[in-house]
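Novice: This is a predicted model, with the sequence first.
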Amino acid sequence: MCNADLQESHRHLVKAFGPEVFDADSPLTASWSRAADPTARAGGDLILDPHNRRLKLYGPTAAEACDPGLSGWVDCLRTFPHLFSKLIVYARPGGFETWVTAGYLHEGIIAGFFADGQEAHMWAVFGDETRSDAPRDARHDEIVRIAAAKPVVTPEPAPEFSCRRAGTDLAQPIVDLMTDTFPDYPTPISADLIGRQIANGTNIFRYIENADGDVVASASAEIDHVRQCAEMTDCATRPDQRGAGHMGLLLHRLARDLREDFGITDLYTLARADEVGMNCVFGKLDYAYTGRLINNCRMPNGWESMNIWCLSTAGDPGGDETRV
């Protein structure tokens, strides 16, 4: 790449995210405009996640697959692979061949992702060829088959355990559980951050406590209030409590919270493709497998792929459980 291209890519990044883009440790958010169609709805979300070396762009259509604005991000990807080596576009439906011709790989969909009910199609392009390799796909496919075959269940609390909605005072115990469970979590976690998420209503956290008041499992729903959907995430269970059904109950109750408190019925999750247990939890809760994000997150053992599972609770009558 010539020096002029390098300078242009540098300007592109700094213009969107500011000069701190090259030394940031946490995700940076910017807006983008649709250069191909100036009359289109202006702006959208553009998220740079240095920890996982990925850039996420929400809302383009196939007509914009070769748009100068989007092409500029592809150029940056190839210029600065140490900053982000994967670009993921959460695209509007349609134009499959256009995206393929533009060099994108279709990884899956998220049902009901946009506020109008349309699904998001996940299109990826890689700046580092080694990141697009998926040698464990056959193993991951087998895990999906096992999980999808699980009979659907309605979780119930285990004896002597309670499932509760977390307030800000539970932020530190939840962080302690998560850091003990995950040596290297793919997103930043701290008591201050989780406390703000709970206070601001961007995340709902639920936890399971034992008879002694110890937090033994937790999970959250990350709410996209603009698009009216939610990601089920931050799933952690103390090792000695795994297999007791705690996570299924947490996710079931979180889905109820979202439906009854926010009117959100389109849910999805990104489950580690190597983990049989978590994929089976979503299979038992009637989530549908809708694709796989290749080498999407950085974990202690290297890049890990994530399975996409989706659920709509729009037809769930609800109202059969005491709210806790």
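Specialist: That came through fine. Residues are numbered from 1 along each chain as shown.

Novice: hang on, Val125 packs against His106?
Specialist: No - using Cβ atoms under 8 Å, Val125 is not in contact with His106, being 11.1 Å away. The way it works is simple: take the backbone N, C-alpha and C, and place the C-beta from them, glycine included.

Novice: Pop the domain breakdown of the chain in here.
Specialist: Split into domains by automatic domain parsing, the chain comes to 3-132, 137-312.

Novice: Least reliable of those by average pLDDT, please.
Specialist: Among those, domain 3-132 carries the lowest mean pLDDT, at a mean of 87.

Novice: ok so, going back, possible to save the domains of the chain as TSV with mean neighbour count?
Specialist: Rendered in TSV, the data for the domains of the chain read as follows (neighbours: other Cβ atoms under 10 Å):
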stretch	mean neighbour count
domain 3-132	17
domain 137-312	18
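
Novice: Skip the chain neighbours and tell me the closest residue to Trp123.
Specialist: Distance criterion Cβ to Cβ, 6 or more residues apart in numbering; nearest residue to Trp123, sequence neighbours excluded, is Tyr104 at 4.0 Å.

Novice: The stretch 101-250 of the chain: strands as residue ranges?
Specialist: 105-110, 120-126, 162-165, 203-209, 215-224, 229-237 (DSSP state E, counting those that start in this stretch).

Novice: Of the ones you listed, give the one that comes closest to Ala16.
Specialist: strand 120-126 (17.4 Å; Cβ to Cβ).

Novice: which SS state does the residue nearest to Asp133 when sequence neighbours are not counted fall under?
Specialist: In space, and not counting its chain neighbours, Asp133 is closest to Asn295: 7.5 Å by Cβ to Cβ, 6+ apart. Secondary structure assignment for Asn295 (DSSP: H, G, I helix; E, B strand; the rest coil): strand.

Novice: who touches Asn295 in this structure?
Specialist: Asn295 sits next to 86, 131-134, 303-305 when contact means Cβ atoms under 8 Å, 6 or more residues apart in numbering.

Novice: Output those residues as JSON lines; include the columns distance to His12.
Specialist: Shown next, in JSON lines, are the contacts of Asn295 (distance: Cβ to Cβ, whole Å):
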{"residue": "Lys86", "distance to His12": "17"}
{"residue": "Arg131", "distance to His12": "21"}
{"residue": "Ser132", "distance to His12": "23"}
{"residue": "Asp133", "distance to His12": "27"}
{"residue": "Ala134", "distance to His12": "29"}
{"residue": "Trp303", "distance to His12": "25"}
{"residue": "Glu304", "distance to His12": "29"}
{"residue": "Ser305", "distance to His12": "28"}
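
Novice: And those, which two are furthest apart?
Specialist: Among those, Ser132 and Glu304 lie farthest apart (Cβ to Cβ), at 14.1 Å.

Novice: Packing partners of whichever strand or helix holds Met306?
Specialist: Met306 belongs to strand 302-312 when assigned by DSSP states H and E. The contact analysis (3 or more Cβ pairs under 8 Å, 6 or more residues apart in numbering; DSSP states H and E) places strand 302-312 against strand 105-110, helix 137-148, strand 266-272, helix 276-284, strand 288-299.

Novice: coming back round to it: do you know which of the strands of the stretch 101-250 of the chain lies nearest Gln7?
Specialist: That would be strand 120-126 among those, by Cβ to Cβ, at 21.9 Å.
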